[in-house]
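Undergrad: got a structure for you, letters missing:
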């Protein structure tokens, strides 16, 4: 029976081909590559326009004059068009791959003067270059052609975002693992970005009204409707994924000096500094439209820099406005995982004869291998309609939050979307919503997601309870020896109000049990891991901690952090009794209130010795009340199983924390006040990369032993830690007042991109500088005061282990290479002072794993 169906299918294909007059039953691809040169000088010609016959299927030569074009249609002729040269038509063989060497003849009638320098390549120069003069006119008129030139602007905005697995081979598609998933696959023209076979995994739509006022500056976005594929929250943070995509695919304003794409800042081709970094060429004049438009092609002077290449079309009506733009990135750019990128911008003429952006489309193809193999393709298109300028907008529109989502916006009917979309949507795209819903109900998919969650998030979901994180199950240190741990927590399947978390651990050397138990009540009936948080938690923890070690996004008993340099024999056995209240607001302001009783017992090589009578102190107990304030404007993050991973942007993050120690309450032994503030911000420096800057300061009042002072963040592991001092030893410095600065700058390969051979490695230069200035008042210095204080710790040989900072700040810096194998950062770290301390190193090599574009 199956063979009968096959014969029937082949017969239908043959019959269809015969009716259409096609000689073969299957279309064959025609692919042409080659180089275009000047017929006399033999110099290559950049940005020659190439089209099949008189169709819109075309391409252009690159900066070296090379081109590649292909089609599945039966076109047998190529058209080559370049300003100042005669149009050339060239016959090609349909259905074959072929290579052409094209020679274009200059058209003397179209040029006032032709100067030929045989055998010598003309050096590009900005001086007396009409293309550069034109782009400078565009730059000069930028402010006049932007929305901010009006008093008010309003418009409708429709956004559509798609993500698909791409470049899927037939062999991969037909694997047995995809037997039940064939309904997911879709096909497109194989010449498009992403290849022939796609597997769509995500779609998102949003319809908004936008209002802008520039005197004074005000803005308001009212979301009328939004719709997206919803994955099971047990496996994927839908809001975090949406925030990450929004950060990667931001609105594109070509008039800005820098355009943010893929979390990187690219210099706009009409930025103020564009003539310094780009080469410009006038490649065509379009006289069949009014006003006349000049086609201006541009390319990076250095192909590895964060720059675009493509074409912009400039109106010759005195406005020098961008009428259309089409550009991407050079194949040699120092940008990870991006196989191809295409940005298209269309502008429409307003009633005042100026131009506004009517549609933008960004398509990017990603893959581990930049040349072949499975990858992902993302596309974001934004359509603008009902553009109005200098109209009266009531003040009431701008009241409240800048972003307002109408009630029910995420529950709009299919009829609403079909009537209100500002752009077309294909049937295949609409199928994605139902296809993903169907996919998530397949048992095989659920099993796959459980395995993926276990590998990447570290938790095994068992319904109302999940076990993890797995990377804490095994670790070791000098005090506990081999340490085994097992724990987990409840999920929203048990309750959306009540959450419980626990673990138990055992050290085989110290033969002690450690454990943790917490109970949390959600006050807003949402998951406590979902923004905005609003919960109260009570917890008890008995466990160890290294004094002075502060980690980001990892836990201290992570197996990989068991490997440390130098002497590492200090631990604290801690008992924490805590009650915490957390409240977050939609504007990303948050506060925390806390009550904590903390009993700490020194262990290993750490001893608490009374400075007055040299007696050993077995336990130190404090009771603290705390208030924490945090503001992170426009913050975005991906909510993982344990931590929020921030999606770093240019907005600063402010923290302020006040802690009061209360003597006599719940066994507290000291009165004190501790205030700490910090500011974190990323500064984008265009082609010079970006700097991550952290400023921090603290002040502690009261007479206190060293364990209650500020123990500065040290790192004795071999991993490079951004917010720690990587050549400082644990508990090496303590202070009761301090200020610090931490600068980590990434040049994004700006210098290495210009060195032959080296640039092919796509390495990126990194420098860092860290300094902390602080000290101890006499009342907290055991060398000056003995009553009520502890002696500073010593090594076993009697040498001092812990110090206060003197009049000289502690300073360390590093130079490093990032993007090694697209994944690894390697730093050579230098410690500049306090080198007379025992067990310290002046130099060290540290590494960090970071996946980035």
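TA: That came in fine, so what should we check first? Just so it is clear, the structure is predicted and the values come from calculations on it, not from any experiment.

Undergrad: residues contacting the residue nearest to the spatial centre of the chain?
TA: Within the chain, one residue has its C-alpha closest to the average C-alpha position: by C-alpha atoms, centre = their mean, that is residue 263, at 4.7 Å. Residue 263 makes contacts with 247-248, 647-648, 852-853, as judged by C-beta atoms under 8 Å, 6 or more residues apart in numbering. Every residue, glycine included, has its C-beta placed from N, CA and C.

Undergrad: just grab the bridge partners of residue 348 for me.
TA: Going by DSSP bridges, residue 348 is paired in beta bridges with residue 356.

Undergrad: just the pLDDT for it.
TA: Looking at residue 348, its pLDDT is 94.

Undergrad: make residue 1 into 39 and carry on from there
TA: Taking 39 as the first residue, the last one we looked at is residue 386.

Undergrad: for the residue nearest to the centre of the chain, give its distance to residue 784.
TA: Plainly put, residue 301 is 12 Å away from residue 784 if you go by C-beta to C-beta, to the nearest Å.

Undergrad: hang on, the earlier thing: for the residue nearest to the centre of the chain, give its distance to residue 711.
TA: Distance, residue 301 to residue 711, by C-beta to C-beta: 40 Å.

Undergrad: which stretches of the stretch 39-188 of the chain form strands?
TA: In chain order, the stretch 39-188 of the chain shows strands spanning 68-76, 87-90, 96-98, 104-109, 115-119, 126-129, 135-142, with DSSP state E, counting those that start in this stretch as the criterion.

Undergrad: can you add distance to residue 346 and give these back as TSV?
TA: Written out in TSV, the entries for these read as follows (distance: least, C-beta to C-beta, whole Å):
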stretch	distance to residue 346
strand 68-76	22
strand 87-90	18
strand 96-98	14
strand 104-109	19
strand 115-119	22
strand 126-129	28
strand 135-142	26
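
Undergrad: can you pull the contacts of residue 733?
TA: Taking C-beta under 8 Å, 6+ apart as the criterion, residue 733 is in contact with 716-717, 777-780.

Undergrad: my bad, should have said residue 721
TA: Residues counted as contacts of residue 721 (C-beta under 8 Å, 6+ apart) are 688, 728-729, 731.

Undergrad: so it is in which element?
TA: Element membership for residue 721, per DSSP states H and E: strand 710-722.

Undergrad: tell me the strands beside that strand, with direction?
TA: The strands beside strand 710-722 in its sheet (DSSP bridges) come out as strand 691-699 (antiparallel), strand 728-739 (antiparallel).

Undergrad: quick one: mean pLDDT over that strand.
TA: Mean pLDDT, taken over the full extent of strand 710-722, equals 96.

Undergrad: what sits against residue 470?
TA: If you count contacts by C-beta under 8 Å, 6+ apart, residue 470 has them with 200, 238-241, 267.

Undergrad: in PyMOL, how would I select just the buried ones from those?
TA: To isolate the buried members of those in PyMOL, using 16 or more other C-beta atoms under 10 Å:
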select buried, resi 200+238+239+240+241+267
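
Undergrad: for stretch 183-190, which outside residues touch it?
TA: Counting by C-beta under 8 Å, 6+ apart, the neighbours of stretch 183-190 from elsewhere in the structure are 181, 191, 249-253, 291, 293, 357-360, 392-394, 427-431.

Undergrad: for residue 765, which non-adjacent residue is spatially closest?
TA: residue 869 (4.0 Å; C-beta to C-beta, 6 or more residues apart in numbering).

Undergrad: filter the contacts of residue 301 down to the ones in strands?
TA: Counting by DSSP state E, the contacts of residue 301 place none of their members in strands.

Undergrad: list buried residues within these.
TA: Burial by neighbour count, 16+ other C-beta under 10 Å: within these this picks out 285-286, 685-686, 890.

Undergrad: tell me the one among these nearest to residue 449.
TA: residue 285 (25.8 Å; C-beta to C-beta).

Undergrad: need the contact list for the closest one.
TA: Under the criterion of C-beta under 8 Å, 6+ apart, the contact list for residue 285 reads 301, 674, 685, 687.

Undergrad: same question, residue 412
TA: For residue 412, the contacting residues are 203-206, 210, 405, taking C-beta under 8 Å, 6+ apart as the criterion.
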